[in-house]
Each structure stands twice: as C-alpha cells, then as structure tokens.
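Asker: predicted model, plus sequence, below.
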Amino acid sequence: MSNEENTAPQQPESESNAAVEEAGAESVADNDSGGLQALLEDARSKADENWNQCLRLQAEIDNLRKRNERDLANAHKFALEKFTADLLPVKDSLEMGLAAAAEENADVARLKEGSDLTLKMLGSVLEKFNVKEINPLNETFNPEYHEAMSIQERADVPANTVVAVVQKGYLLNDRLIRPAMVMVSKTAAQPQGDRLDEQA
C-alpha cells in the first residue's frame, strides 16, 4: 500500500511538469512571434522610408536633368550675346561712315580716319574674344595655317616664303577658323645658258 501511495502522487506531478513546460513553450512562442512581428514592422517601415527616399532622389535627378537641358539650350541660343553686343558699336560706326560718305561735300580724309577707327574697334572686339589674325607676309609657308593661291619665281627671297597675303587668316582660341590665302615663292629657274655651263 505504501508503494501505491508513493506511485500515485508521482503521476500528477509529471503531468503538472508537462503542463508547466507546455505553458512555458507557449509563452516563449508568443514572445517569439511578438518579437518577429516587431522585427517585421521595423523592416517594413525601413523599406518604406528607403522607397520614399529613392522616389525623392529620382525626382531630384529628373529635375536636374531638365534644368541642365534647359541651361544647355539657353547656352547654345545665347552664346553669341556678348559678342553681338560688342559688335553693335562697330556696325553703328560703319553706318555713320556710309551716311557721311553719302553727303555732297564728303571729306575723304575724315572718311578714311573714321574707317581706320572702325577697323581698330573691330580689331579690339575680335581680340577680346580671342580671335587672332594670321598675316604671314615674309614668313615661311606653313600648310597648317596657310593656303597657297599661286607660286611665284623669286630670286630675292628663299623658296617657300610667303611673298603676298591675298586674304588674312584667323584663329579662334588657337584653333584655325580660316587659313590665310597667300602667294608663295619658289626658286627662280636658271637660264638655259647657265644650265649648259653646269653640265660642261
């Protein structure tokens, strides 16, 4: 009987242990699912925040692209604005010179003086915008900057020397925009008599 009494109370104790373990497992599972739920909500909020930031950056990039396109179009459209503004006084001066030349008692000396001043004004405008003149008179012919219009036999200058400039050339920021059109020297041909003497 004592054995039965000893065994009887042990069964409820093992059942109660199992119940306690099961309750503990449920509370751990509840804690785990609550923690996972919190992690999931945190991840969702971070994803939403990153998505919104991505959308804002994309909109900002689109705005920058549109602004750059507009600025580039304006730069192309108004690139010559300063150059044109500086050329207008030259045009005004030419118009005044033509009006003075049309008068009955036009003074040629004053017209020449006015033309000289207008030419100097034009030269200063071109210089301001880095347009340089190529005037290679008496220089060696350079095919990169000069275009030969004709060749002249000359004994007074070395061969390949520019002896006349038909039209001046121009550089813009050291880049050729128009070659100088020139006449170039070549060695004068020797008379037939001299050639016979050399051969003898």
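Answerer: Happy to help now that I have it.

Asker: strands of this protein, residue ranges please.
Answerer: 131-134, 146-154, 162-167, 169-172, 175-178, 180-187 (DSSP state E).

Asker: in the last one, what counts as buried?
Answerer: Across strand 180-187, burial judged by 16 or more other CB atoms under 10 Å covers 180, 181, 182, 183, 184, 185. (Glycine included, C-beta is placed from N, CA and C.)

Asker: that one vs strand 146-154, what angle?
Answerer: In terms of direction (axes from the mean of the first three to the mean of the last three CA atoms, to 10 degrees), strand 180-187 departs from strand 146-154 by 30 degrees.

Asker: contacts for strand 180-187, please.
Answerer: For strand 180-187, the external contacting residues (CB atoms under 8 Å, 6 or more residues apart in numbering) are 134-136, 141, 145-155, 157-169.

Asker: confidence score at the most centrally placed residue in the chain?
Answerer: Centroid-nearest residue in the chain, with CA atoms, centre = their mean: residue 72, separated by 9.6 Å. Listed pLDDT for residue 72 reads 91.

Asker: so how far is residue 78 from it?
Answerer: 11 Å (CB to CB, to the nearest Å).

Asker: how far away is residue 175 from residue 166?
Answerer: 22 Å.

Asker: more crowded one of those two?
Answerer: Neighbour count, other CB atoms under 10 Å: between residue 175 and residue 166, residue 166 has more, with 12 against 8.

Asker: for residue 164, see how far away the closest residue to that one other than its chain neighbours is.
Answerer: Nearest non-adjacent residue to residue 166, counting by CB to CB, 6 or more residues apart in numbering: residue 181, 4.3 Å away. Remark: distance between residue 181 and residue 164 (CB to CB) = 10 Å.

Asker: repeat that for residue 142.
Answerer: 16 Å.

Asker: OK, contacts around residue 142?
Answerer: Residue 142 touches residue 136, counting by CB under 8 Å, 6+ apart.

Asker: so what's it scoring on pLDDT?
Answerer: 95.

Asker: ditto for the one 5 residues further on
Answerer: In the prediction, the pLDDT value recorded for residue 147 is 95.

Asker: can you give me phi and psi for the nearest residue to residue 153 once chain neighbours are set aside?
Answerer: Among residues not flanking residue 153 along the chain, residue 188 sits closest, at 4.4 Å (CB to CB, 6+ apart). The phi/psi pair for residue 188 (degrees, to the nearest 10) reads phi -70, psi 140.

Asker: and residue 188, how many neighbours?
Answerer: Quick note: residue 188 (other CB under 10 Å) scores 12 neighbours.

Asker: so it touches residue 154, yeah?
Answerer: Yes - in this structure residue 188 lies within contact range of residue 154 using CB atoms under 8 Å: 6.4 Å.

Asker: mind splitting the protein into its structural domains?
Answerer: 1-78, 80-129, 131-200 (automatic domain parsing).
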